[in-house]
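Undergrad: this one's sequence-less:
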């Protein structure tokens, strides 16, 4: 699975951005997808994720009500609509795809990552 993000950039506080992630390869094996971010000097953290079929979404508390994750499985695309951006949202945003395989009673998980896209929110 290969992932390519786009849509990052520089925006003023209160503004909006929409990130996109194009998936290719063995996309039929993907169980869930999500967005993570990493700010300078901080650990990578989950922003939002969404299950296969878009049945379940999950958001970090810091972005609830401001960010919306969506997925177009037919186009193999993942999106993150970001509104009311704050300087604290400044980070490199990474697209993530999870593949789960079941072997008897064991579950094997593989994570795939994009190269990241920079989001900078100015005051």
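TA: Sure, I can see it. All figures in this text were calculated on a predicted structure; none of them were measured in a lab.
Undergrad: and the nearest residue to residue 29 once chain neighbours are set aside, what helix or strand is that in?
TA: Excluding the flanking residues, the one nearest residue 29 by Cβ to Cβ, 6 or more residues apart in numbering is residue 99, at 4.8 Å. For glycine as for every other residue, the C-beta is placed from the backbone atoms N, C-alpha and C. Using DSSP states H and E, residue 99 falls within strand 91-103.
Undergrad: So which bits of that strand are buried?
TA: Buried residues in strand 91-103, counted by 16 or more other Cβ atoms under 10 Å: 91-99.
Undergrad: what's it in contact with?
TA: 1, 3-5, 8, 19, 21, 23, 26-27, 29-39, 42, 44, 47, 49, 78, 80, 107-114, 116-119 (Cβ atoms under 8 Å, 6 or more residues apart in numbering).
Undergrad: quick one: average pLDDT of the following helix or strand past that strand?
TA: As assigned by DSSP H and E, the chain's next helix or strand after strand 91-103 is strand 106-113. For strand 106-113, the mean per-residue pLDDT is 95.
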